[in-house]
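Asks: Curious how this folds, go ahead:
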Amino acid sequence: MNVKQPASALSSPRFCNMGTFMRMPRLDSAEGLDFAIAGAPFDTASSFRSGSRFGPAAIRSISAMMKPNNVILQVNIMDSLKGADLGDFNVTPGYIHPTYDAIEEGVSAICEKGAIPIILGGDHSITLAELRAVAKKHGKVALVHFDSHSDLCDEVFGQKYNHGTPFRRALEEGLIDPAHSIQIGMRGSLYDPDEHRMAAELGMELIPAHKVREMGFEALIKEIYNRVGDTPCFLTFDIDFVDPAYAPGTGTPEVGGFTSYESLNLVRSIKDLNFVGFDIVEVLPAYDTAGETTAYLAANIVFEYLSILAAKKQAK
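Replies: Numbers count the residues shown, from 1 in each chain. Below is the predicted model of the structure:
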């Protein structure tokens, strides 16, 4: 009998491939799938607290708690969708460009099979590589970005590639359509007082947290739909969009954020957008001091996104 040995830790880091999301099957290809989950456990572009390389494993581990039925959207994701966990991309700790190559190759393989990529991070730098792959399939996409930071910096510590720069690079590379993109939830103290204005200068729309509170969620949701329209859309969710009272396990927390209920409801409320990809980033288990609360919230956000896909397929 041939026994398959584990991959060498020199080719696949030891923190990779430690479980599957919701105990889904582990497959090597997205062939025939509606969606494919994969991990990008890279955190070397973090500017403050590192450790989000362990985010994918933490999300997968606690996701065993999840059940398949979404009562609000009235779907069973396991009955409605064909999906699997493809494991983690073979990132290169400390080296962002070979890591980008691995992520882009992996996401491209998912897109080429007609499946929707759902990526577990990792710090927010990984989204640039995902957008490179998604844009090869769909052209420029609309970006719907939930976060407490805009991640539009030109440089951080004199470097062009950091978890604070991915969307500046994505705009420069022509991966996202700024006229149909929107950033939501930004807050906290800043180095540059004009940072939020930068989004408008680059053609994006940015609605900071205090404006969300002023306008209300109903008006916010309407604005998201008005902005994005039916443009193919990539949803990126930084867990620090959520207030650290509800999601303490993240690298750059900002107070004055949103509750777990509000966050889940926001994702659910944009179910009619034309989604072509999704990621959840910046879960840092070492600071998840309230018993896996942050990882579990992240797993639930993924579940809501899967429920959206199931509802779309069920409606066809």
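
Asks: Figure out the length between the terminal residues of stretch 218-236.
Replies: Distance across stretch 218-236, first residue to last, is 20 Å (CA to CA, to the nearest Å).

Asks: What average pLDDT does that stretch get?
Replies: Averaging pLDDT along stretch 218-236 gives 98.

Asks: please begin residue numbering at 58 from this point
Replies: New numbering, starting at 58: the last item is stretch 275-293.

Asks: residue ranges of the helices in the protein, please?
Replies: Ranges of helices within the chain are 112-119, 134-137, 153-169, 183-195, 223-229, 252-258, 266-272, 274-285, 317-326, 350-372, based on DSSP state H.

Asks: Buried ones in the shortest one, by neighbour count?
Replies: Right, the one you point to is helix 134-137. By neighbour count with 16 or more other CB atoms under 10 Å, helix 134-137 contains the buried residues Ile134, Ser137. (C-beta placed from N, C-alpha, C; glycine too.)

Asks: For it, name the packing helices and strands.
Replies: For helix 134-137, the elements it packs on are helix 350-372, judged by 3 or more CB pairs under 8 Å, 6 or more residues apart in numbering; DSSP states H and E.

Asks: now the helix it packs on: how far from the chain's centre is it?
Replies: 12 Å (CA atoms, centre = their mean, to the nearest Å).

Asks: Between helix 317-326 and it, find me the angle.
Replies: Angle, helix 350-372 to helix 317-326, by axes from the mean of the first three to the mean of the last three CA atoms, to 10 degrees: 20 degrees.

Asks: returning to what we had before: make TSV from the helices of the chain and add distance to Asn126 to it.
Replies: Output for the helices of the chain, formatted as TSV (distance: least, CB to CB, whole Å):
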stretch	distance to Asn126
helix 112-119	18
helix 134-137	8
helix 153-169	26
helix 183-195	29
helix 223-229	35
helix 252-258	38
helix 266-272	30
helix 274-285	24
helix 317-326	14
helix 350-372	9
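
Asks: To Gln240, which of those lies closest?
Replies: Taking CB to CB, helix 252-258 is the member of the helices of the chain nearest to Gln240, at 5.9 Å.

Asks: ok, Phe332 - contacts?
Replies: Ile173, Pro289, Cys290, Phe291, Leu292, Tyr362, Ile365, Leu366 (CB atoms under 8 Å, 6 or more residues apart in numbering).

Asks: Relative to Glu311, which of the helices of the chain is closest?
Replies: Across these, the minimum distance to Glu311, taken as CB to CB, is reached by helix 266-272, at 8.3 Å.

Asks: Report the buried residues of the closest one.
Replies: Neighbour-count burial for helix 266-272, counted by 16+ other CB under 10 Å, picks out Ala266, Lys268, Val269.

Asks: if I pick the first one, what's in contact with it?
Replies: Same thing as Ala266. Ala266 makes contacts with Ser205, Gly242, Met243, Arg244, Gly313, Gly314, Phe315, as judged by CB under 8 Å, 6+ apart.

Asks: buried subset of those?
Replies: Buried members of these, scored by 16+ other CB under 10 Å, are Ser205, Gly242, Met243, Arg244, Gly314, Phe315.

Asks: So which of those belong to strands?
Replies: Taking DSSP state E, every one of these sits outside strands.

Asks: CA atoms only for stretch 107-123 - export them in PDB, please.
Replies: Only the C-alpha atoms of stretch 107-123 are listed here, as PDB (Å, rounded to 0.1, in the frame of the first residue of the first chain):
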ATOM      1  CA  SER A 107       2.100  39.800  12.700                       C
ATOM      2  CA  GLY A 108       0.500  36.400  13.100                       C
ATOM      3  CA  SER A 109      -2.400  36.400  10.600                       C
ATOM      4  CA  ARG A 110      -0.500  33.600   8.800                       C
ATOM      5  CA  PHE A 111      -2.400  31.400  11.300                       C
ATOM      6  CA  GLY A 112      -5.700  33.000  10.400                       C
ATOM      7  CA  PRO A 113      -6.800  30.400   7.800                       C
ATOM      8  CA  ALA A 114      -6.100  27.500  10.200                       C
ATOM      9  CA  ALA A 115      -8.100  29.200  13.000                       C
ATOM     10  CA  ILE A 116     -11.000  30.000  10.700                       C
ATOM     11  CA  ARG A 117     -11.200  26.400   9.400                       C
ATOM     12  CA  SER A 118     -10.800  24.900  12.900                       C
ATOM     13  CA  ILE A 119     -13.800  26.800  14.400                       C
ATOM     14  CA  SER A 120     -15.800  26.500  11.300                       C
ATOM     15  CA  ALA A 121     -16.600  22.900  12.300                       C
ATOM     16  CA  MET A 122     -19.200  24.600  14.500                       C
ATOM     17  CA  MET A 123     -21.100  25.800  11.400                       C
END
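
Asks: Understood, closing this out.
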